[in-house]
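K.L.:
next come a sequence and a model predicted from it.
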Amino acid sequence: MPSSSPSARVVTRFAPSPTGYLHIGGARTALFNYLYAKGRGGKFLVRIEDTDRERSTDDAVKAIFDGLSWLELFADEEPVFQHARADRHRAVVDALLEAGAAYRDYTSAEETGRLRDEAKAARTTFESPWRDRQPTVDDLSRPHVVRFRRPLPGRTVVMDAVQGEVSWDNADLDDLVLLRSDGNPTYNLAVVADDHDMGVTHVIRGDDHLNNAARQSLIYDALGWDRPVFAHIPLIHGPDGAKLSKRHGAQAVHEYAEMGYLPEAMRNYLARLGWAHGDDELFSDDQAREWFDLDGIGKAPARLDFDKLAHVNAHWLRLADDARLAGLTLDAHLATGAPLNEGDEVRLQQAIPFVKDRARTLIELAAQTAFVLRTRPLALDDKARALLSGETHERIARVRARLALFESWDVFALEAELKAFAEEEGVGFGKIGPPMRAALTGGAASPDIARTLSALGREEALGRLDDALQQTK
């Protein structure tokens, strides 16, 4: 059986149909193709399979490229649009006709439907009456399709890199249509021609395409072309083991971006979803490229686990550059319609190092940094006012005056000063922390007081304390 030469440079491709968003399963397929090629010094290509012109949309094409761009899975060449290669596909059909591996079928659609129903009732495979009939001169001008003439008898065997040896009795495979009556090529024919011309050596895709591998292999053989290595990966299921659907939550890549996941976390998680390298759960892009191989892919469907995804994302949040996180968190705030005031961006960047270890997503990071975006004077609720009443009011006024002597506003110095102040006052910090948090944040979530002060900056922090003291006289 023909196969790709092991010495050939690896070329993989991701070939989505532009009929909707980039599904999370498609993103994983793209990632597997990318990792396999890049780990071997090969090429990763993208082909948009848009031969179905009625269902293909420009918005879907944009969504696919936006998703790949967010995941940072960039092709090594300009993308190929399948519909633009229709003339090449028709030339391949002509070659199959000339070789006797295809034939013209003049059966009407109505008659084909009737014959299919009869074959189904008899539990046999549909056979066109034109398989072994020669058309007359009058027939040549009639509308017709072109079908592939599968070899009979025999079996088609595919050595799949994931599924192992898979075989089909050729008698169970019908003579698929290669060219429709309007002259447009069909999916299986176009895929074979494109993969061959693009030099694709490995076809890594979902196992819902496994039956297509039989038909496509026969076309490769009929044309005398080497088959690529096929690797059909199990689909992704929901946490309950059922096929992934809307009821399980996010399905599209852009939804994960909107939910606050980092692209490097998604790459890490998706790589581990159905593939394993020992017990390694957290690994870098370089490690993924080095380790990824087809024999690490399991045969059972992978299950989406949002808790594990959040754990992976928290890891990469901790490692992310603070300035980058500040920009992403700012975007998350702006997406909610939060107003942006002067100095907010600086304060946000100051706050990131103090809160990122406690967040699992950018949405959580936005919630934990909301205190720096509050507008002065902060509105104090009844609980905050109660905390700042009586003796506590005077104590907060004293700590405010003491903090005003600081110029550097270093977090460690602030911690030491707050501790010293509590000791001098003869009270535990529980008498100081809650009222200060109420004054500084209005009761919003924030890190410890020294870090909250540092994140807000000297002028903003002192100003908020002044506002609160003024409101609770």
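P.N.:
Alright, I've got the coordinates.

K.L.:
low-confidence ranges in the stretch 251-400 of the chain?
P.N.:
Regions of the stretch 251-400 of the chain meeting the criterion pLDDT under 70 are absent.

K.L.:
helices along that one, start to end?
P.N.:
Counting by DSSP state H, counting those that start in this stretch, the stretch 251-400 of the chain has these helices, from start to end: 253-258, 263-272, 285-291, 306-319, 322-335, 344-355, 362-368, 382-387, 390-403.

K.L.:
list the contacts for Pro353?
P.N.:
Asp322 (CB atoms under 8 Å, 6 or more residues apart in numbering). C-beta here means a position set from N, CA and C on the backbone, and glycine is covered the same way.

K.L.:
circling back to that earlier point, which of the helices of the stretch 251-400 of the chain sits most buried?
P.N.:
helix 263-272 (a mean of 23; mean count of other CB atoms under 10 Å).

K.L.:
contacts for it next, please.
P.N.:
24, 27-28, 31-32, 35, 70-72, 253, 256-257, 280-283, 285, 288, 292, 308-309, 312-313, 315-317, 320.

K.L.:
how about a cut-off of 6 Å?
P.N.:
The contact list for helix 263-272, computed with CB atoms under 6 Å, 6 or more residues apart in numbering, reads Arg28, Leu31, Trp70, Leu71, Glu72, Tyr256, Ala288, Leu309, Val312, Asn313, Trp316.

K.L.:
try stretch 411-424
P.N.:
Val399, Phe429, Ile432, Ala450, Arg451, Leu453, Ser454.

K.L.:
hang on, the earlier thing: just give me the closest of the contacts of helix 263-272 to Ser217.
P.N.:
Nearest to Ser217, judged by CB to CB, of the contacts of helix 263-272 is Arg28 at 24.3 Å.

K.L.:
tally of neighbours for that closest one?
P.N.:
Arg28 has 25 neighbours, counted by other CB atoms under 10 Å.

K.L.:
how about Ala420?
P.N.:
By other CB under 10 Å, the residues close to Ala420 number 11.

K.L.:
so where is the stretch 1-150 of the chain shaky, pLDDT-wise?
P.N.:
By pLDDT under 70, the weakly predicted segments of the stretch 1-150 of the chain are 1-7.

K.L.:
show me the helices in it, by range?
P.N.:
Secondary structure of the stretch 1-150 of the chain (DSSP H, counting those that start in this stretch): helices at 24-38, 58-71, 86-98, 109-121.

K.L.:
deepest-packed of those helices, please.
P.N.:
Burial of the helices of the stretch 1-150 of the chain is given as mean neighbour count (mean count of other CB under 10 Å); helix 24-38 ranks first at a mean of 25.

K.L.:
from the contact counts, what lies against it?
P.N.:
Helix 24-38 sits against strand 11-14, strand 43-48, strand 202-206, helix 285-291, with contacts defined as 3 or more CB pairs under 6 Å, 6 or more residues apart in numbering; DSSP states H and E.

K.L.:
re the thing from before, which one of the contacts of stretch 411-424 is nearest to Val200?
P.N.:
Looking across these and measuring by CB to CB, the closest to Val200 is Arg451, at 53.0 Å.

K.L.:
check contacts around the closest residue to that closest one other than its chain neighbours.
P.N.:
Take Arg451 and drop its neighbours on the chain: the residue closest to it by CB to CB, 6 or more residues apart in numbering is Phe354, 3.9 Å away. By CB under 6 Å, 6+ apart, Phe354 lies in contact with Pro447, Arg451, Ala455.

K.L.:
is the first one part of a helix or strand, or is it coil?
P.N.:
In the three-state summary, Pro447 is assigned as coil, counting by DSSP: H, G, I helix; E, B strand; the rest coil.

K.L.:
per-residue pLDDT, it?
P.N.:
Here the pLDDT value assigned to Pro447 is 94.

K.L.:
now it. Its backbone dihedrals?
P.N.:
Pro447 adopts backbone torsions of phi -70, psi -170, taken as degrees, to the nearest 10.

K.L.:
how near is it to Arg400?
P.N.:
Remark: distance between Pro447 and Arg400 (CB to CB, to the nearest Å) = 19 Å.

K.L.:
residues contacting the spatially closest residue to Gly39 that is not a sequence neighbour?
P.N.:
The shortest distance from Gly39 to any non-neighbouring residue, by CB to CB, 6+ apart, is to Arg289 (4.4 Å). With contact set as CB under 6 Å, 6+ apart, Arg289 has these partners: Leu35, Lys38, Gly39.

K.L.:
one more time with 10 Å
P.N.:
Contacts for Arg289 (CB atoms under 10 Å, 6 or more residues apart in numbering) come out as Tyr34, Leu35, Tyr36, Ala37, Lys38, Gly39, Arg40, Ala271, Phe283.

K.L.:
which strands and helices sit next to the helix or strand containing Met436?
P.N.:
Using DSSP states H and E, the element containing Met436 is helix 433-441. Helices and strands touching helix 433-441, by 3 or more CB pairs under 10 Å, 6 or more residues apart in numbering; DSSP states H and E, are helix 382-387, helix 390-403, helix 411-425, helix 449-456, helix 458-471.
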